[in-house]
Structure formats: structure tokens, C-alpha cells
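Peer 1: Output the structure for:
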Amino acid sequence: MARVIFVGGGMSGLSCAWFLREFRPGWEVVVLEALERPGGKARTRLEDGFLCETGVNGVLDNKPSTLELAGRLGIQPLRSSDSARRRFVVKQGRLLKLPESPPEFLTSPLLSPMGRLRVLLEAVTPRGEFGRDESLADFARRRLGKEAFSRLIDPMATGIYAGDPEQLSLRSCFPRIHELEREYGSLIRAMLKLKKEARRKGRAGPGAGPGGTLTSFRLGMSELVDALVSSLGDVVRPGTPVRSILMKDSGWGVGLESGEEIEASAVVLSCPAGDAARMVHSALPELASAVRHIRYPPVSVVCFGLRQKDVRQSLDGFGFLVPGSERRKILGTLWDSSIFPDRAPEGYALLRTLVGGARAPEVARLSDEALTDLVVREISDLIGLEARPDFVRIYRWEEAIPQYEVGHEALMKKVETELERNPGLYVRCNWTGGVSLNDCVANSQRLARRIAEQVP
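Peer 2: Numbering: from 1, shown residues only. Model prediction:
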């Protein structure tokens, strides 16, 4: 009977283990998690009536992987409110709504008339060089212009990756956008043709936004983690840090910090890149060298519980992002109690502000008091905050989101080459194949099927 060990109990490791048990119910599956609580950055805290997401706050329903898994686990999804479609960007100290349609775009003050004209000229902008791993910033300036990059693309990179668009790779971060330019020569022409094809098939077609509806669960994202852990049972071993991965004549060995060694037919590295590099550096130095290049900037999540009467700005929307050109310290703020119901007590609003990232990593490491003061100061003029919050919680991630920087694709090819040379060793974590939870679950299902077919 095969034994497969997953090193890391985040959503990638848990879901991959769950799928593998479905494909091979007779196999022994073990999930080793260093922390006392599995789930990685899908973690919810209920305190004083406020339901705080410490990391990811939902998934889009336009990709079925996560919600299909939730359905099979017997938990019901919770759709975000319609107002969550209203998203804002800071411009010169004001919150301006992101346009949701072409007519809104043509009249939006978010871009100047010249900036909007430059975006429209994207339709006749020549294709780029597809052999080059282009940064997101270079791509956006080339196709959409400097102003659209500053006001639209820069905050998007901040919201998804907490990253630096000058360093992030377009091809690795947004492969579909890269493919659309290559196939159609223009993003605008691509959207028009895809909409036409969709109408012919009776579907809505793509829009300018990310698409889909943000979806979570009544008790937050921890509800999904708890359901997975409950279904897997004693397969999951929390509080079990791994020291090393070893090659054995009969397969693989996993050395624990406790001194115990577990033999396995196959091992899946479902942990952050730095941990994976540390574990394999003796047995597979080339793999460790490639993985070690992946950076994770720190991010702090600052949750405020505010009395609604103390906020002048309407919080009817998703929240706002802050472009780097605004020279503010925060990355953006989500209005969580407006996105999902029952996130705050009656009469209160729950706001969640992200601080740090690649733009200002040192800010994420400020003391609790300094972070609280900074966020109060930064959002007061934007939302008309007239009193300090009654509720404050700060959650810190020293290694938040892996950065798919220029050169990431080449690194992943090196990783794949090393894995092919060493059958029985696999990687499934968000530093490859996409950082979103939907990507993690979909990739986990694919890998589980491959392991079921390959491992004897």
C-alpha cells in the first residue's frame, strides 16, 4: 500500500490530500503541519461579535473548483452583496468608483480625457515581443499608457499580490492577458470578439473586471478548512514541523524536528518556498537553489470595528485600493461588513486594512500601537472617520503572498526539471500555478489525479 506524505497543511495540502483519498481510498495519506492550526492563510477569528478574516476573504464563483469542493463537504456558500461590485480607487485624496462598463469608463474622472483616449488607442497598439518575460508595469504602460498603469493596474497588483508591478511578471501573474495579446493582438479587440462569441452562445461574455461573484461561508473561510480537516480526520497531524526530506532506496524519507523519520512512497511539498528549500537543500541542492529565489513580502491585516455613526462616507461597496502614486502607507481597505452579512454587531462596521507588501515591507512590522495610529490617520480623511475604533485586531504575516516576479517562469521550469529527475517528489503550493485559492484547489485536484496514476 502506498503512503503519500504532504508537508504543509494549508489549503493546497489539505485539498490535495482529500482528493487523493478519493482517487485512492486504500492508500495511507499523511498531512504534516508545523502550526497547531491547519489552513494556512484561510483563517477566521470571531471576537466580540466581529468576524475577522486574517487572510483570504473569499473566492470568485466564476471558477468552480473551491465551491464544488465545499459542496461535496456539505457546506453552503455565502454570496457577497450586490454592493460589493462597487470598488473604489484613491485619487488625490478622494475615493473614485472604478468604472464597471464602457459608458462609465468614458465619463469616469479616474482618468483624464487624454488618459482615456490612450486606453482606447490600445486597440491599434502593436503586439509585444512574446519571447520576453515582461513586467506587469512595462506591459501596462506599453498597451494602456502611463496614467492607466498608475491609476488602474498598479492598485490591482497591490490588491492581488501586495506586490511591485515593476517586478511582477505579466506572463506568470496574468497568463490569460498575455495569451489574449498574443492571439488577438489587442485586449480591446479580444474583449469585443469574445463578447460577440459569448452572445452567439447565449452567455454574458467577459467584462473589464475580474468576473464572478465573491463568495465565502457563513462562518468565514475557516468553515471550509474545518470541514476539510474534519473529513480527513487523523490524517492531519498539526504541530508536526518537518526538518528534512531524504532520498531512500525504497522511496522517500521525511525527517521530523522531533527526530522521528517517516518513510513514504511519495512526498508532496505543500509548504512555503523558503521552508521547502530548507528541507531539501541537502538531498536536492539544485531544487533548493531555484526555490530560494521566490520572495514573500510581509503584510499586516488591521481590523477595525467602527460605530457606523462615526463614519461620514457611505460604506456601500467593496472598499478601496491605493495607487503607489498617492504616497500613502496603506495598500487598501476592505469594507467587510458591507461585503458579507453578519460580520459586525448591529450598528457597527468592520473594516480590514492591508499594510506593508512589496511597496513598504517595513511598515508591516510596526508595533500594534503604531500600526493602529497609522491606519486611523490614513483612512480618516478618506472615509470621514470621526472617532477611534472601538475594536482593533492586528494579524501579521511575515511571509504573505509569493511574488511571481520576472524570471518566475524560468525558475518553475528548473523546479519541474528537478522533480522529473526525482520521481515521487511533488510540489503543490501557491508559489506555483497561481496564488488564488481557486487555483490552489484546482491544481490540487489535478496533482492528486497524477499522483494516483504515477505512484506504484
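Peer 1: Glu68 versus the residue nearest to Asp316 when sequence neighbours are not counted, what's the distance?
Peer 2: Spatial nearest neighbour of Asp316, excluding adjacent residues (C-beta to C-beta, 6 or more residues apart in numbering): Ser83 at 4.8 Å. Every residue, glycine included, has its C-beta placed from N, CA and C. Distance of Ser83 to Glu68, given as C-beta to C-beta, to the nearest Å: 27 Å.
Peer 1: ok, now Arg343?
Peer 2: Distance from Arg343 to Glu68, by C-beta to C-beta: 25 Å.
Peer 1: before we move on, the earlier item: give me the number of neighbouring residues for the residue nearest to Asp316.
Peer 2: Ser83: 14 surrounding residues under other C-beta atoms under 10 Å.
Peer 1: Give me the three-state assignment for it.
Peer 2: Three-state assignment for Ser83 (DSSP: H, G, I helix; E, B strand; the rest coil): helix.
Peer 1: wait, what's in contact with it?
Peer 2: Ser83 makes contacts with Asp316, Gly317, Phe318, Ser338, as judged by C-beta atoms under 8 Å, 6 or more residues apart in numbering.
Peer 1: again with Glu420
Peer 2: By C-beta under 8 Å, 6+ apart, Glu420 lies in contact with nothing.
Peer 1: and it, that's in a strand?
Peer 2: No: under three-state DSSP, Glu420 falls outside any strand and is assigned helix.
Peer 1: okay, it: pLDDT?
Peer 2: What the model reports as pLDDT for Glu420 is 96.
Peer 1: mind checking how far it is from Val427?
Peer 2: Distance, Glu420 to Val427, by C-beta to C-beta: 12 Å.
Peer 1: What of Ile5?
Peer 2: On the measure of C-beta to C-beta, Ile5 and Val427 end up 13 Å apart.
Peer 1: so how far is Ala364 from the nearest residue to Leu366 once chain neighbours are set aside?
Peer 2: Once flanking residues are discounted, Leu366 sits nearest to Leu374: 6.7 Å by C-beta to C-beta, 6+ apart. Separation of Leu374 from Ala364 (C-beta to C-beta): 11 Å.
Peer 1: neighbour-wise, which of these two wins?
Peer 2: Neighbours per residue, other C-beta under 10 Å: of Leu374 and Ala364, the larger number sits with Ala364, 24 against 19.
Peer 1: Could you double-check that that one lies in contact with Ala370?
Peer 2: No: counting by C-beta atoms under 8 Å, no contact exists between Ala364 and Ala370, whose distance comes to 11.1 Å.
Peer 1: Compare Arg343 and Glu68 (neighbour count), which wins?
Peer 2: Arg343 (24 against 13).
Peer 1: so who does the more buried one touch?
Peer 2: Counting by C-beta under 8 Å, 6+ apart, Arg343 makes contact with Phe50, Leu51, Asp336, Ser337, Leu350.
Peer 1: Of these, select the buried ones using a ChimeraX command.
Peer 2: Burial among those is assessed by 16 or more other C-beta atoms under 10 Å; the matching ChimeraX selection reads:
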select :50,51,336,337,350
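Peer 1: Give me the contacts around stretch 321-330.
Peer 2: Residues from elsewhere that reach stretch 321-330 (C-beta under 8 Å, 6+ apart): 87-93, 150-151, 154-156, 158-159, 331-332, 353-355, 359-360, 363, 374-375, 378-379.
Peer 1: if you set the cut-off to 6 Å instead, what comes out?
Peer 2: Contact with stretch 321-330 is made by 89-90, 150-151, 154-155, 158-159, 332, 353, 355, 359, 363, 374, 378, as judged by C-beta atoms under 6 Å, 6 or more residues apart in numbering.
Peer 1: Just among those residues, which is most surrounded?
Peer 2: Within the contacts of stretch 321-330, most neighbours by other C-beta under 10 Å means Val355, with 28 neighbours.
Peer 1: Spell out the residue ranges of the strands in the stretch 51-200 of the chain.
Peer 2: 59-60, 77-79, 87-91, 94-97 (DSSP state E, counting those that start in this stretch).
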